[in-house]
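Asker: everything below, folded, please.
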Amino acid sequence: MIEEYKADILGHFQIQRYDKHRIGGAVTVDGLPARKVVTVFDRRNMKWIGATMSDPITGKWEMVGLPPLPDKSLLVVALDTTGTYNAEVADYITPVADTVTPVTE
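Answerer: Predicted coordinates for the structure are as follows:
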């Protein structure tokens, strides 16, 4: 979870939590799931948002705890560290907001 601490006018600290947005996908090489470095940038200013590894068995990856961002503001790059393949890029990606479904009995 990403947390940001901000002081109010009286010097009291307030915690702003950014744990309500996420992004995810799957990486494949020649149609098969692959373990690759996945890096996410804010495409408006190229600020690094984060990086993760895709699962070697499923190819799936996920990044949670993202701050609220405008639609189509992310650039996702999956890097091949073997030097065999070019990087794969997904542009104009929109993070999704988590929704909590209340449990009813």
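Asker: in what helix or strand does the residue nearest the centre of the chain lie?
Answerer: Central residue of the chain (CA atoms, centre = their mean): Met63, 3.7 Å from the mean position. Using DSSP states H and E, the element containing Met63 is strand 60-66.
Asker: give me the contacts around the helix or strand following that strand.
Answerer: Note on strand 60-66: by DSSP H and E, the next helix or strand toward the C-terminus is strand 74-79. Under the contact criterion CB atoms under 8 Å, 6 or more residues apart in numbering, strand 74-79 has outside partners 23, 25, 27, 36-43, 46, 49, 54, 87-95. Bear in mind the C-beta positions are built from the backbone N, C-alpha and C, glycine included.
Asker: sheet partners, orientation included, of the next helix or strand after strand 74-79?
Answerer: Next in sequence after strand 74-79, counting helices and strands by DSSP H and E, comes strand 88-93. Strand 88-93 pairs in its sheet with strand 74-79 (antiparallel), by DSSP bridges.
Asker: report the buried residues of the strand it pairs with.
Answerer: Buried residues in strand 74-79, counted by 16 or more other CB atoms under 10 Å: Leu74, Leu75, Val76, Val77, Ala78.
Asker: and the angle from it to strand 60-66?
Answerer: 140 degrees (axes from the mean of the first three to the mean of the last three CA atoms, to 10 degrees).
Asker: now do strand 74-79, average pLDDT.
Answerer: Average pLDDT, strand 74-79: 95.
Asker: what distance separates that strand from the centre of its chain?
Answerer: Put simply, strand 74-79 sits 9 Å off its chain's centre (CA atoms, centre = their mean, to the nearest Å).
Asker: and Val29, what are its phi and psi?
Answerer: phi -130, psi 120 (degrees, to the nearest 10).
Asker: distance of Gly31 from Trp61?
Answerer: 17 Å (CB to CB, to the nearest Å).
Asker: more neighbours: which of these two?
Answerer: Trp61 (22 against 6; other CB atoms under 10 Å).
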